[in-house]
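>>> Build me a model from this:
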Amino acid sequence: MNETTHLKTSGDILTEVRGQVGFITLNRPKALNALSLQMVRDLATALLAWRDDAAILAVAIRGSNKHGRPGTPESLFGGFSAGGDIRFFHQAALAGDTALDDFFTEEYRLNHLIHNYPKPYIAFMDGVVMGGGMGISQGAQVRIVTEHSKLAMPETNIGLFPDVGGGYFLSRCPGSVGEYLALTGVVTDGDEALAYGLADVKLPAARLPALWQDLGAQAFAGAPDVAQWIATNLVADGARPERAEGPFDQYFSLARVKHMVDALEAAPDAAAKKVGALLRKRSPLMLHVTLEQIRRARTLSLAEDLRMERDIVQHCFYQRPGVASETVEGIRALAVDKDYTPIWNPARIEDVKPAMVQAFFASPWPADAHPLREL
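Residues are numbered from 1 along each chain as shown. Alright, predicted model coming up:
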């Protein structure tokens with residue numbers, strides 16, 4: 001096995017080079033590897049350095065489910081990332097902390113970097129992969145899920161929307177799966193992720209530590225050897241099924257949120273009625289914003305989508321600042337006070353007006369001053 005040539009611990013991010021591969025471990029297990037601003041910065045720093053290093057031929061990323069030491073990989077697998085640090089969002093929004101703006105700008109730049117990374121980027125998506133965790137895995141060349149994987153974009157539950165490029169990758173799911181996943185925030189397993197185009201291969205979780213080690217032990221002659229190793233050891237072992245439409249396409253293909261909810265509530269089967277009841281618990285305003293986001297994103301490039309999402313998230317926190325923010329209220333109810341009774345404004349799906357929704361899509365910046373203009 002090749003010796004470790006470089007090992008760095010930077011707060012909650014562990015980076016390691018073995019052989020010709022850069023390895024990243026998200027190591028904030030007590031917070032389910034929720035991404036902080038410093039973690040976003042450390043990830044970007046590592047990826048940019050390895051991008052420009054001719055000796056690095058590939059990158060692999062995983063999460064940890066307990067504090068561990070590189071070199072003992074079996075102790076780390078079991079969780080990827082539960083998303084962004086929403087408690088930080090809440091505190092920063094109420095304090096007027098500009099670090100909140102920096103977080104989203106830098107996170108979306110990181111998402112764009114990953115989607116456009118010129119070297120194989122392999123995401124070991126074991127365990128929980130939600131929100132921001134999807135943002136740093138969906139752009140991977142190889143997205144590995146296991147029997148333990150739980151993927152979701154549950155933002156409407158906290159008065160937010162599926163950002164981090166969610167408009168881009170969800171809108172490209174088959175049929176109306178994107179609308180279904182974005183509006184409900186339901187959790188999908190590894191098999192569903194494959195069928196919906198959100199993963200490339202499903203492997204037994206027990207195989208991941210050996211693959212992680214083996215990848216760094218190879219003596220690759222060049223990029224073609226890396227591609228061959230991936231084809232032989234990853235993709236060949238897990239044939240991807242036909243892309244499948246979701247179970248509720250007939251409802252989520254309808255034109256408006258109200259039409260969807262009415263049809264689900266009137267449906268003869270219990271499963272559809274349950275989905276209708278779930279939507280009634282989400283932020284009515286952000287359900288409408290999310291539907292508009294997904295449908296606009298179908299015709300946008302990734303960069304255009306991320307700029308749109310940066311506009312929307314700015315409005316989420318500043319259009320109605322402080323405690324009046326739908327997002328601040330949603331996070332309060334779910335993660336701060338934990339009373340699970342958010343007071344949504346408007347309170348009902350029926351009360352959301354088109355002008356309220358369209359306001360989220362007006363950019364706060366001229367094009368030449370947009371935070372993501374360089375993408």
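
>>> Give me the number of neighbouring residues for N65.
By other Cβ atoms under 10 Å, the residues close to N65 number 18. (Glycine included, C-beta is placed from N, CA and C.)

>>> what about the nearest residue to it once chain neighbours are set aside, distance to G159?
For N65, ignoring the flanking residues on the chain, the nearest one in space by Cβ to Cβ, 6 or more residues apart in numbering is G78 at 3.2 Å. With the distance defined as Cβ to Cβ, to the nearest Å, G78 ends up 30 Å from G159.

>>> So the two - more neighbours on which side?
Using other Cβ under 10 Å as the criterion, G78 and G159 rank with G159 on top: 26 against 19.

>>> Okay, and the residue nearest to the more buried one when sequence neighbours are not counted sits in which element?
Spatial nearest neighbour of G159, excluding adjacent residues (Cβ to Cβ, 6+ apart): G330 at 2.9 Å. If you go by DSSP states H and E, G330 is part of helix 326-331.

>>> Name the residues of that helix that come out as buried.
Residues of helix 326-331 classed as buried: 326-331 (neighbour count, 16 or more other Cβ atoms under 10 Å).

>>> pLDDT of that helix, averaged?
Across helix 326-331, the average pLDDT comes to 96.

>>> list the helices and strands it packs on?
helix 86-95, helix 284-297, helix 302-318 (3 or more Cβ pairs under 8 Å, 6 or more residues apart in numbering; DSSP states H and E).

>>> got a list of contacts for that helix?
Under the criterion Cβ atoms under 8 Å, 6 or more residues apart in numbering, residues 86-87, 89-90, 93-94, 157-160, 283, 285-286, 316-317, 320, 322-323, 342-345 lie in contact with helix 326-331.

>>> how about a cut-off of 6 Å?
Residues outside helix 326-331 that contact it (Cβ atoms under 6 Å, 6 or more residues apart in numbering) are 86, 90, 93, 158-160, 283, 285, 316, 342.

>>> Ok, stretch 96-105 next?
Taking Cβ under 6 Å, 6+ apart as the rule, stretch 96-105 contacts 37, 92-93, 313, 371.

>>> 10 Å instead, please
Residues outside stretch 96-105 that contact it (Cβ atoms under 10 Å, 6 or more residues apart in numbering): 35-38, 40-41, 84-85, 88-94, 106, 132, 163-164, 306, 309-310, 312-314, 316-318, 321-322, 370-372.

>>> what about that stretch, average pLDDT?
96.

>>> how far out from the middle of the chain is that stretch?
Offset of stretch 96-105 from its chain centre (Cα atoms, centre = their mean, to the nearest Å): 18 Å.

>>> residues of that stretch that come out buried?
100-101, 103-105.

>>> so where is the stretch 51-200 of the chain shaky, pLDDT-wise?
For the stretch 51-200 of the chain, the stretches flagged by pLDDT under 70 are 66-75.

>>> Show me where it has its strands.
58-63, 121-125, 128-130, 142-145, 150-152 (DSSP state E, counting those that start in this stretch).

>>> can you put these in TSV and add mean neighbour count and distance to A263?
Listed next are those as TSV, based on neighbours: other Cβ atoms under 10 Å; distance: least, Cβ to Cβ, whole Å:
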stretch	mean neighbour count	distance to A263
strand 58-63	26	38
strand 121-125	28	33
strand 128-130	26	27
strand 142-145	26	31
strand 150-152	22	23
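
>>> thinking A193 is in contact with E147, fair?
No. Between A193 and E147 there is no contact under Cβ atoms under 10 Å: 11.6 Å.

>>> distance between the ends of stretch 203-210?
End-to-end distance of stretch 203-210 (Cα to Cα, to the nearest Å): 12 Å.
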